[in-house]
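Engineer: curious how this folds, go ahead:
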Amino acid sequence: MNLASYSRQDCLLIRNQIVWLGGAMLVAGVLLLGTQIYLYFSEQERAALQQQLQQVRSSADAAQQSWDSVARHQAEFNLLKQRNILGAERRLDWIEALVDQAKQQPHWQMQYQFSPQRALEQAFPINNEQVYASNMNLGVQAANETVFSELTRWLATQPGFVAPASCQLQRAEQSGIAIDCDYIWLTIAPLKTEVAP
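Structural biologist: Now for the predicted structure:
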């Protein structure tokens, strides 16, 4: 194509069309650039929203798992609360119950002794809660072995949880059986912080 064959007058005839074509191409370029910028920022916003959605889903899953855990363990928690295993030690209640039982069964010649409460070594604190243990030695003179069974059942009805550590049954000097048992009273309470001297 030889441009020299076109005269100036020919160029003047198509000048408007060339200007319009250049303007249209400029507008198309600006629109294309604007579209690319819009797509870039839209993609950034979509990624941020996707991340937020993922965080909300993770939070919802964690909340659902917590709720499921509460629902699974609610019955056990209610039982612990009903049996007065949660909270402060019920030592005075235990002593009052032992005194009443000794009055009702004087022929048992009941003797008992409590040791100070301590954190149970085998149980580590969980969520600022600790299992505490109080040792109790209990001695009874019984006519036969059924007294031991009755005593064990009766202790199980008292507040807290009593676990037998060891029991020794032997023939009494006069008659019947001498029962000597060590029990551990367990309670679950908030972790106690020791005050430094």
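Engineer: going forward, measure contacts and count neighbours with C-alpha atoms only.
Structural biologist: OK.
Engineer: any idea how this protein splits into domains?
Structural biologist: 3-77, 91-190 (automatic domain parsing).
Engineer: starting at the chain centroid, how far to the helix or strand containing residue 19?
Structural biologist: Per DSSP states H and E, residue 19 falls inside helix 8-82. Put simply, helix 8-82 sits 37 Å off its chain's centre (Cα atoms, centre = their mean, to the nearest Å).
Engineer: and stretch 138-148, by the same measure?
Structural biologist: Distance, stretch centre to chain centre, for stretch 138-148: 42 Å (Cα atoms, centre = their mean).
Engineer: same check on stretch 110-126?
Structural biologist: 24 Å.
Engineer: list of residues touching that stretch?
Structural biologist: Contacts with stretch 110-126, where a contact means Cα atoms under 8 Å, 6 or more residues apart in numbering, come from 102, 130-141, 191.
Engineer: the residues you listed: which two are farthest apart?
Structural biologist: Greatest spatial distance in the contacts of stretch 110-126: 141 and 191, 38.3 Å, computed using Cα to Cα.
Engineer: higher neighbour count, those two?
Structural biologist: residue 141 (23 against 15; other Cα atoms under 10 Å).
Engineer: mind checking the SS state of that one?
Structural biologist: Three-state call for residue 141 (DSSP: H, G, I helix; E, B strand; the rest coil): strand.
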